[in-house]
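Engineer: The amino acid sequence is not available; the structure is as follows:
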């Protein structure tokens with residue numbers, strides 16, 4: 001029962017009791033008005049003092065709440081880490097674009113503006129061995145079934161990006 005329903009019910013009850021008391025016994029009009037008001041006050045106190053379970057459940061079940069966002073982020077991170085142990089096709093399709101974009105944003109360089117500067121900065125930061133796994137131009141249709149570099153290489157690439 002919500003507050004507006006309590007108010008509406010109390011007003012209707014007082015009106016009914018007043019009409020009945022006026023028609024039957026006028027000396028009981030004060031008591032007839034007091035009983036519904038007392039019941040309404042008891043309902044208000046009960047509503048105010050009971051624990052709010054519905055609001056807490058809604059906070060936990062929010063679709064875009066912090067807990068849900070953290071679960072989605074964690075699931076996506078696990079999926080990307082699993083791709084690091086997959087084959088080169090998975091790496092090229094899922095990890096390379098993310099790593100290349102992150103590197104370009106961190107370095108402030110774009111492939112379209114100066115490819116040679118981007119490549120030199122990548123080799124300088126990652127080294128030739130790791131750069132080939134970040135280089136956005138190195139994803140080719142060849143060699144798609146060879147294994148990806150693995151979690152250790154992904155961890156090293158991410159730590160170097162973080163230090164940048």
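Structural biologist: Arrived safely. Since the model is a prediction, treat every value here as computed from it, not as a measurement. Numbers count the residues shown, from 1 in each chain.

Engineer: Point out where this protein drops to low pLDDT.
Structural biologist: Scanning the chain for pLDDT under 70 picks out 1, 51-63, 110-112, 140-143.

Engineer: So it: which segments form each domain?
Structural biologist: Following automatic domain parsing, the chain resolves into domains at 3-50, 66-163.

Engineer: Mean neighbour count added to these, as CSV?
Structural biologist: Placement of C-beta: from N, CA and C, glycine included. Formatted as CSV, the domains of the chain follow (neighbours: other Cβ atoms under 10 Å):
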stretch, mean neighbour count
domain 3-50, 13
domain 66-163, 14
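
Engineer: Name the SS class of the most centrally placed residue in the chain, please.
Structural biologist: When Cα atoms, centre = their mean is applied to the chain, the residue found nearest the centroid is residue 69 (2.5 Å). Following DSSP: H, G, I helix; E, B strand; the rest coil, we place residue 69 in the helix state.

Engineer: measure it to residue 75 for me?
Structural biologist: Counting by Cβ to Cβ, to the nearest Å, the gap from residue 69 to residue 75 is 11 Å.
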